[in-house]
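> let's see this in three dimensions:
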Amino acid sequence: MNAEISKLVDHRLDRANESIREADLLLEAGYANAGVNRLFYACFYAVSALLLTKGHSSPKHSGVRALFHQKIVKPGLVEVAMGHLYDRLFDSRQKSDYVDLVKFDLADVKPWVAEVKAFVGKIEGLITVERQA
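The predicted structure is shown next:
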């Protein structure tokens, strides 16, 4: 991996972790829909970083999602449950941002933070392995 890609990977991992901190703040303040947005983006940035280490990228969210399933989930690099989490967050973010009258419940969303932290941690571990290869 060249230095430019490595720098971009680091940036996206920083954004992933920043998005988790933002989600924590938003959820503590009572903003469930905004929290859903930030939780999705935490996963999106992490997945985008991992895909870059493998020479893949997409300008579209749906493309990143498809590449994640094709290049990471299907080959067994992560558990299928992680693919389901990404899909749930993808769909929830779409609803929270674009569908009128959708209001997520804080009690439902707050547990997602731990799931997202574990997700991002797993992705960071895969990136570390990829960089050592």
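> quick check: phi and psi on the most centrally placed residue in the chain?
Centroid-nearest residue in the chain, with Cα atoms, centre = their mean: residue 43, separated by 0.6 Å. When read as degrees, to the nearest 10, the backbone of residue 43 gives phi -70, psi -40.
> confidence score at it?
With respect to pLDDT, residue 43 scores 98.
> how about the one 5 residues further on?
pLDDT, the model's per-residue confidence, is 98 for residue 48.
> so how many other residues sit close to it?
24 (other Cβ atoms under 10 Å). Using the backbone N, CA and C atoms, a C-beta is placed for each residue, glycine as well.
> tell me what the helix or strand harbouring it is packed against?
Here residue 48 sits within helix 32-53, counting by DSSP states H and E. Using 3 or more Cβ pairs under 8 Å, 6 or more residues apart in numbering; DSSP states H and E, the elements in contact with helix 32-53 are helix 3-28, helix 61-67, helix 80-98, helix 106-109, helix 112-132.
> still on that earlier bit, correct me, but the residue nearest to the centre of the chain touches residue 86?
Yes. Contact criterion Cβ atoms under 8 Å: residue 43 and residue 86 qualify, at 5.5 Å.
> find residues that contact each of these two.
residue 119 (Cβ atoms under 8 Å, 6 or more residues apart in numbering).
> picking up where we left off before, can I get the helix holding residue 48 as CSV, trimmed to CA atoms?
What follows is helix 32-53, C-alpha atoms only, in CSV (Å, rounded to 0.1, in the frame of the first residue of the first chain):
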residue,chain,number,x,y,z
ALA,A,32,-31.9,9.3,18.0
ASN,A,33,-32.2,9.9,14.3
ALA,A,34,-29.0,11.9,14.2
GLY,A,35,-27.3,9.2,16.3
VAL,A,36,-28.4,6.6,13.7
ASN,A,37,-26.8,8.7,11.0
ARG,A,38,-23.5,8.9,12.8
LEU,A,39,-23.4,5.2,13.7
PHE,A,40,-23.9,4.3,10.0
TYR,A,41,-21.1,6.6,9.0
ALA,A,42,-18.8,5.1,11.6
CYS,A,43,-19.2,1.8,9.9
PHE,A,44,-19.1,3.3,6.4
TYR,A,45,-15.8,5.0,7.0
ALA,A,46,-14.3,1.9,8.5
VAL,A,47,-15.4,-0.3,5.7
SER,A,48,-14.2,2.2,3.1
ALA,A,49,-10.8,2.2,4.8
LEU,A,50,-10.6,-1.6,4.7
LEU,A,51,-11.7,-1.7,1.1
LEU,A,52,-9.0,0.7,0.2
THR,A,53,-6.3,-1.6,1.7
